[in-house]
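K.L.:
got a sequence here, can you build the structure:
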Amino acid sequence: MDLTAHIKSHFDEGTELRRRMAETLPAQVARAGEALAAALRAGRKALACGNGGSAADSQHFAAEIVGRFERERPGMPAIALTVDSSALTAIANDYDWDHVFAKQVEALGNAGDVLLAISTSGNSKNVVEAMRAAQARGVVVIALTGRDGGAMAKMLGPRDFHLNIAHPRTMRVQEMHLLVIHCLCEVVDNVLFGEKT
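P.N.:
As a prediction, the model looks like this:
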């Protein structure tokens, strides 16, 4: 195998996907970002969840909102539901793994909050259950998915947002998810604190 050529094929595939998504996704990301900004302006908070790489993405998102993105500004409330090992293991032990995020949404989520629900397949059962809990509490859902959106795509209500990366490869979906997360954070900063100069 020519490793250099093989690696170049990854760059080429990633570039092609970004070009394709650039045709359809920006307006949806902008609307979702505006809804997130409106929630934070109103004193609400953002919650985020996912598994594996998507868990890391949920933590990355929360860190950008709480700390800062690319400018100095006040911290804003965001919680990654993936980081409390005591809560995760207690809920998984006492109930089951499918409810590790939903129980936290029930405890922490309030009407007007936003849940960033991340799943590359759109079918992660614990993320699906988190969405169900969020919708029951009046929490707006931003579903960040891949492939055909899976079960999550079918659950979306009129106040929710679906940001789907229509690609079969998990790594490509995850790469685009990070770009979308950065775009959401920039929209929040621009809406709440003015365009960066």
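
K.L.:
tell me which stretches of this structure form strands.
P.N.:
Listed in chain order, the strands of the chain (DSSP state E) span residues 46-49, 78-80, 114-119, 140-146, 161-165.

K.L.:
comparing those, which comes out most buried?
P.N.:
For these, the largest average neighbour count (mean count of other CB atoms under 10 Å) is found in strand 114-119, namely a mean of 30. C-beta here means a position set from N, CA and C on the backbone, and glycine is covered the same way.

K.L.:
strands paired with that one, and their directions?
P.N.:
Applying DSSP bridges to the sheet, strand 114-119 is found paired with strand 46-49 (parallel), strand 140-146 (parallel).

K.L.:
want to throw these into TSV with mean pLDDT?
P.N.:
Listed next are these as TSV, based on pLDDT from 0 to 100:
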stretch	mean pLDDT
strand 46-49	98
strand 140-146	98
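
K.L.:
so who does Glu64 touch?
P.N.:
Contacts for Glu64 were tallied using CB atoms under 8 Å, 6 or more residues apart in numbering; they are 181-182, 185.

K.L.:
ok, and the most crowded of those?
P.N.:
Ile181 (23 neighbours; other CB atoms under 10 Å).

K.L.:
where does the chain have low pLDDT?
P.N.:
197 (pLDDT under 70).

K.L.:
longest helix anywhere in it?
P.N.:
helix 170-193 (DSSP state H).

K.L.:
give me the neighbour count for Arg19.
P.N.:
9.

K.L.:
which stretches of this protein form helices?
P.N.:
3-24, 26-41, 53-66, 85-94, 102-108, 125-136, 150-155, 170-193.

K.L.:
to Ala117, which of the ones you listed lies closest?
P.N.:
helix 125-136 (5.0 Å; CB to CB).

K.L.:
follow-up on the earlier one: is it possible to get CSV of the helices of the chain that adds distance to Leu163?
P.N.:
Output for the helices of the chain, formatted as CSV (distance: least, CB to CB, whole Å):
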stretch, distance to Leu163
helix 3-24, 10
helix 26-41, 6
helix 53-66, 12
helix 85-94, 25
helix 102-108, 19
helix 125-136, 14
helix 150-155, 11
helix 170-193, 6
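
K.L.:
what's the closest of those to Ala143?
P.N.:
Of all the helices of the chain, it is helix 150-155 that lies closest to Ala143, at 4.7 Å by CB to CB.

K.L.:
ok, the spatially most central residue of the chain to Met152 distance?
P.N.:
Nearest to the mean C-alpha position of the chain, by CA atoms, centre = their mean, lies Leu116 at 3.8 Å. From Leu116 across to Met152, the span is 12 Å (CB to CB, to the nearest Å).

K.L.:
for Phe69, same thing?
P.N.:
Phe69 is 26 Å from Met152, by CB to CB.

K.L.:
give me the more crowded residue out of these two.
P.N.:
More crowded of Phe69 and Met152, by other CB under 10 Å: Met152, with 25 against 18.
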